[in-house]
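In: Got a predicted structure here, sequence first:
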Amino acid sequence: MKMTKKKMVLALLVLFSLIAGIWLYIRFSTESYYKQFQEYSGKAKIDDYEMIADGAGIITHWKSTDPKEDRLMRAYGSYYYFDPVRVGSKHILHMNMKLREDLYFQEKRPSKDEYWTVSVYKVDGERLKEEKEIDLFKVVEQFDPDYIPTELGSVYSWNGRELAALQIRSTKDNSVRKMMYLNLDTRKLERNETLENDHQRKPVPAFNARLDREKSSIEELKFFKNWFSIDPKDLSKTQFKKSSKAYKLLNQKDTKVIVIKPQNSADQYARSIAVFELFMKKGVNLYQDVTIPAEVSKDGQVHTTQTKEEFDRYYDLEKARKVYLEIDLSKKYKGQER
């Protein structure tokens, strides 16, 4: 039995309507699903890198482990951007997050399709060693099952340990919070009353050199930021050769330049400057008009330096380590205390 032209058109209309309906349903379902999430960074790994400045810094290229979900989350999600990178002298961390609720209001542990983990890279000389991922909810649960993590802070150096600040909150009383420190070697939470109660502003050297954007690929000296990136158009203002691996990495998207230092590093100025200088044309003097406070100078006096040699002459590294609490002299530290 032959199908009439009218019936064929009708059949095609039904088919197209069915396809359109399915497409709209899938789109609506996808949009509804991803709109739920308030916290998202996705998961990313370092797939290539190059150490620079005699190990003071590293150029890292990051690759998403799920680019499809990243794309869908950008299209339909309702999350805010946050900096996922944390850095110490021996560890580089990347927060991986996918949560429906804001961390400050979350009252229960995540469901199967949610996560808050940390990718960990151990700095081993000129190499990076990828270590096992840390599940922050599990770490806190092992410490106290009535608490959940709420905020991962900076990495601190403490008597040879590296500790990542981690605020935790009671699931029974939203107002009860504790500041804990995640030991990146033992992967256990510790109390550190000295770091926790240290709210005093620290004396820091003031670097006053003005950057000429014609000679520099970076706009300002950010000593306390975890990383920076540059526009590939500014590569000509750096000291890297076109044939170098560093140059090729910097010419790619999703590349981050990291200064390897904890938040309270006394040596962070020399390490940062060693990295910053590579992103400027030769001859730029970043030690010009640097003011060293009396509290961290070798003779207890304020000094203004013009060269690296002068800075090294007056800046007291050991004194600064004590002031910045890299070294604790009180011996009152209590580990793993609730």
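Out: On my side now, so go ahead. Numbering: from 1, shown residues only.
In: could I get the biggest strand by length in the chain in PDB with only the CA atoms?
Out: Counting residues, the longest strand found in the chain (DSSP state E) is strand 147-158. Output of strand 147-158 as PDB, limited to C-alpha atoms (Å, rounded to 0.1, in the frame of the first residue of the first chain):
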ATOM      1  CA  TYR A 147      32.600  18.300  60.800                       C
ATOM      2  CA  ILE A 148      32.900  19.200  57.100                       C
ATOM      3  CA  PRO A 149      35.500  21.400  55.300                       C
ATOM      4  CA  THR A 150      34.500  25.000  54.400                       C
ATOM      5  CA  GLU A 151      37.600  26.800  53.100                       C
ATOM      6  CA  LEU A 152      41.100  25.800  52.000                       C
ATOM      7  CA  GLY A 153      43.500  28.600  52.600                       C
ATOM      8  CA  SER A 154      47.200  29.200  51.900                       C
ATOM      9  CA  VAL A 155      50.100  26.800  52.400                       C
ATOM     10  CA  TYR A 156      52.500  27.700  55.300                       C
ATOM     11  CA  SER A 157      56.000  26.500  56.200                       C
ATOM     12  CA  TRP A 158      56.200  25.400  59.900                       C
END
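In: Tell me what angle the helix or strand immediately after that strand in the chain forms with strand 147-158.
Out: Following strand 147-158 in sequence order, the next helix or strand is strand 161-170 (DSSP states H and E). Angle, strand 161-170 to strand 147-158, by axes from the mean of the first three to the mean of the last three CA atoms, to 10 degrees: 160 degrees.
In: in the stretch 1-150 of the chain, which spans are helices?
Out: Remark: helices assigned in the stretch 1-150 of the chain by DSSP state H, counting those that start in this stretch are 5-34, 67-76, 136-143.
In: Now residue 218: closest residue in space, sequence neighbours ignored.
Out: Excluding the flanking residues, the one nearest residue 218 by CB to CB, 6 or more residues apart in numbering is residue 279, at 5.2 Å. C-betas here are computed from N, CA, C, even on glycine.
In: re the thing from before, mean pLDDT lowest for which of the helices of the stretch 1-150 of the chain?
Out: Per-stretch mean pLDDT for these is lowest at helix 5-34 (a mean of 70).
In: just checking, residue 305 touches residue 297?
Out: No. If you go by CB atoms under 8 Å, residue 305 and residue 297 don't touch, sitting 10.1 Å apart.
In: so what sits against both of the two?
Out: Residues touching both residue 305 and residue 297 by CB atoms under 8 Å, 6 or more residues apart in numbering: residue 314.
In: Let me see the contact set for the spatially most central residue of the chain.
Out: For the chain, the residue nearest the mean C-alpha position is residue 85 (1.1 Å; CA atoms, centre = their mean). Taking CB under 8 Å, 6+ apart, we find residue 85 in contact with 92, 93, 94, 95, 226, 227, 256, 258.
In: Now for residue 37, how many residues are close by?
Out: 19 (other CB atoms under 10 Å).
In: thought it was touching residue 99?
Out: Yes. Residue 37 is in contact with residue 99 according to CB under 8 Å; the separation is 6.6 Å.
In: how about residue 97, what does it touch?
Out: Residue 97 sits next to 39, 40, 41, 84, 115, 116, 117 when contact means CB under 8 Å, 6+ apart.
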